[in-house]
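Colleague: Structure for this input, please:
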Amino acid sequence: MLTAISNKIFNQSILDYHQYNDVHQAISNPFEKSSIEHLLYMKNWIDTVQWHLEDIIRDPKIDPVTALDIKRWIDRSNQERTDVVEYIDSYFLEKYQEVKPAADAVINTESPAWAIDRLSILALKIYHMQEEATRADATAEHRAACQRKLDILLEQRTDLSTAIETLLEDIAAGRKYMKVYKQMKMYNDPSLNPVLYKGEK
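Modeller: Residues are numbered from 1 along each chain as shown. Below is the predicted model:
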């Protein structure tokens, strides 16, 4: 099942990152470049680095110039994240290109890759909530509260994994069909962001 593979790869990526725990650490993707596994690992690595950038930028003592640099880094990361999601959806489009949708087939609210994007973020929530639930220097109350949240996150991962597998089965059977709307981000585009195109005049 794809979600079992995805969850395993996401966990591997998170553990690999935390060997260094450094946002500047370069990715070392262990999977064949043309494979879906390569894309899944890359997707989670981007998410993991961005997770820690979001932590860093919330430091109340952060230097404003450093904060601006990190904000721009996060913007670039969001663009990369969107690109990889679209690559993953392209994999599914190719995989199911021969499937003829039934006459009453319907479209899902999100594409398979955007659902997998949520699964990747969920893996990060689970990892870090597990850390908090077992943190030796935290109070017993804090650990117990985090354990309750962790239990919910684990249930959510099971439910989301089941939903993704059902979606893929429906697409394969022609009960649902998928469409990919290429990114419409405006703030990074000099021709669409008024602050940028007015500044060029």
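
Colleague: Secondary structure element for the spatially most central residue of the chain, which one?
Modeller: Most central in the chain under CA atoms, centre = their mean is residue 117, positioned 3.6 Å from the mean C-alpha point. Under the criterion of DSSP states H and E, residue 117 resides in helix 112-133.

Colleague: Show me which residues of that helix are buried.
Modeller: Under the neighbour-count criterion of 16 or more other CB atoms under 10 Å, helix 112-133 has 112-117, 119-129, 133 buried. Placement of C-beta: from N, CA and C, glycine included.

Colleague: quick one: low-confidence ranges for this structure?
Modeller: 183-188, 192, 195-197, 199-201 (pLDDT under 70).

Colleague: and the gap between residue 115 and residue 166?
Modeller: According to CB to CB, to the nearest Å, residue 115 stands 10 Å off from residue 166.

Colleague: can you check residue 159 too?
Modeller: Between residue 159 and residue 166 the distance, using CB to CB, works out to 11 Å.

Colleague: hmm, who's touching stretch 152-162?
Modeller: Contact with stretch 152-162 is made by 1, 3-4, 7, 115, 118-119, 122-123, 125-126, 129, as judged by CB atoms under 8 Å, 6 or more residues apart in numbering.

Colleague: Which residue ranges of this protein form helices?
Modeller: Here the chain has its helices, by DSSP state H, at 2-18, 36-57, 64-95, 112-133, 140-173, 194-199.

Colleague: can you tell which of those helices is closest to residue 29?
Modeller: Set against residue 29 and scored by CB to CB, the helices of the chain come closest in helix 36-57, at 5.1 Å.

Colleague: next one: the closest one to chain centre, how far?
Modeller: Centroid separation for helix 36-57 versus its chain: 7 Å, with CA atoms, centre = their mean, to the nearest Å.

Colleague: buried ones in it?
Modeller: Within helix 36-57, the residues scored as buried using 16+ other CB under 10 Å are 36-53, 57.

Colleague: same question, stretch 17-25
Modeller: Result for stretch 17-25 [16+ other CB under 10 Å]: buried residues 17, 23.

Colleague: end-to-end on that stretch?
Modeller: One end of stretch 17-25 to the other measures 8 Å (CA to CA, to the nearest Å).

Colleague: Stretch 128-141 too?
Modeller: Stretch 128-141 has its terminal residues 17 Å apart, counting by CA to CA.

Colleague: Now do that stretch: distance to the chain's middle.
Modeller: Stretch 128-141 has its C-alpha centroid displaced from the chain centroid by 24 Å (CA atoms, centre = their mean).

Colleague: Show me what that stretch is in contact with.
Modeller: The contact list for stretch 128-141 (CB under 8 Å, 6+ apart) reads 51, 142-143, 146-147, 149-150, 153.

Colleague: which among these end up buried?
Modeller: Buried, going by 16+ other CB under 10 Å: 51, 146, 150, 153, out of those.
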